[in-house]
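Peer 1: Sharing a model prediction with you, sequence too.
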Amino acid sequence: MSAKTETISVANHRTKVIHGFIYAFLILLAIIYLLPLAWVVITSLKDDAVLMISPWELPARPMFENYSFAWTMGHLGTATLNSFIVCSITLLFSMIFGAMAAFAIARMRWKLSKLVLTYFMIGMMIPVHCVLIPLFVQFSSLKLSNTLIGIIIPYITFSLPITIYIMAGFFEGIPDELFESACIDGCSVYRMFTTVGIPLAKTGFMVTGLMSFVGNWNELLLAMVFISKEAKKTLPVSLTKFVGPYHTNYCQMFAAIVIAVIPTIIVYCVFANQIVEGLTAGAVKG
């Protein structure tokens, strides 16, 4: 009996040691990820002269005027509103079209379903640089340059493949018996999609929605090419105004960066549990 107790004690000690190493590694990883963000926040409260002399020193007097300058002179209010409008409309249409296509591919029986899924997956492998010039020429002829709709359309197009891929996996993970019962009760395909598919795949909507929103919020290349008017610029494009060919005000630029990343940080903090739940569900499906 004592030998068994000793074995259990040794196993418990080994488990505690392993957990200690895991927690230490996670704490170190968190510090590595949070340290650059903390440095950016601290730097945004400095003056450029102080930054060049002592980049790691805490500011003696926090310069909150950097934030007011970045907000007013950088027109970040208008840019933030434009980014919010673009990302919200993109999120709405990409989730609607993506979910409908994913449901048809995952739950409806037709010969070309796998081929259609492969066709959409090809879109994930096409870099945006390959279609930049054709899109610019086409949108210029259609008078879509310098309009928000001119970047919303490409955003929706590039958001659809990953949305369809992830949502198809969530729809496939729903038990067949639920759809069979709904069919016996007289539900049409559209009714099964709205009453069975959407409620049970809400975690997938959360994951793909966050990925789409954050990805489009930080997108720079398309917005920079298609938008030149000051009133139509999105947040990432407005941040480029703080970098000049001969001089860059780094502290004010970092203040603008902090303002730009605050919405994404809030989104991740609010929906952190749903993100982990969705990724876990997607990892064990099937």
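Peer 2: Yep, it's here.

Peer 1: Domains of this protein: list them as residue ranges, please.
Peer 2: Domain assignment for the chain by automatic domain parsing gives 2-43, 73-283.

Peer 1: Measure how far the shortest one is from the centre of its chain, please.
Peer 2: Its chain's average C-alpha position is 28 Å from that of domain 2-43, according to C-alpha atoms, centre = their mean, to the nearest Å.

Peer 1: Quick check, Ala223 in contact with Val237.
Peer 2: Yes. Counting by C-beta atoms under 8 Å, Ala223 sits close enough to Val237 to count as a contact (5.0 Å). Where C-beta positions appear, they are placed from N, C-alpha and C, glycine not excepted.

Peer 1: hmm, back to that, please work out which of the domains of the chain is packed deepest.
Peer 2: Greatest average neighbour count among those goes to domain 73-283 (a mean of 17), per mean count of other C-beta atoms under 10 Å.

Peer 1: for the record, mean pLDDT for it?
Peer 2: What domain 73-283 shows for mean pLDDT is 85.

Peer 1: I'd like the domains of the chain laid out as TSV, including distance to Tyr67.
Peer 2: Shown next, in TSV, are the domains of the chain (distance: least, C-beta to C-beta, whole Å):
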stretch	distance to Tyr67
domain 2-43	11
domain 73-283	5
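
Peer 1: Can you check which of those gets nearest to Trp56?
Peer 2: For the domains of the chain, the distance to Trp56 is smallest for domain 2-43, at 7.8 Å, taking C-beta to C-beta.

Peer 1: So which residues of the stretch 151-286 of the chain form strands?
Peer 2: Secondary structure of the stretch 151-286 of the chain (DSSP state E, counting those that start in this stretch): no strands located.

Peer 1: list the contacts for Trp39?
Peer 2: For Trp39, the contacting residues are Trp56, taking C-beta atoms under 8 Å, 6 or more residues apart in numbering as the criterion.

Peer 1: any idea how far Leu220 is from it?
Peer 2: Remark: distance between Trp39 and Leu220 (C-beta to C-beta, to the nearest Å) = 22 Å.
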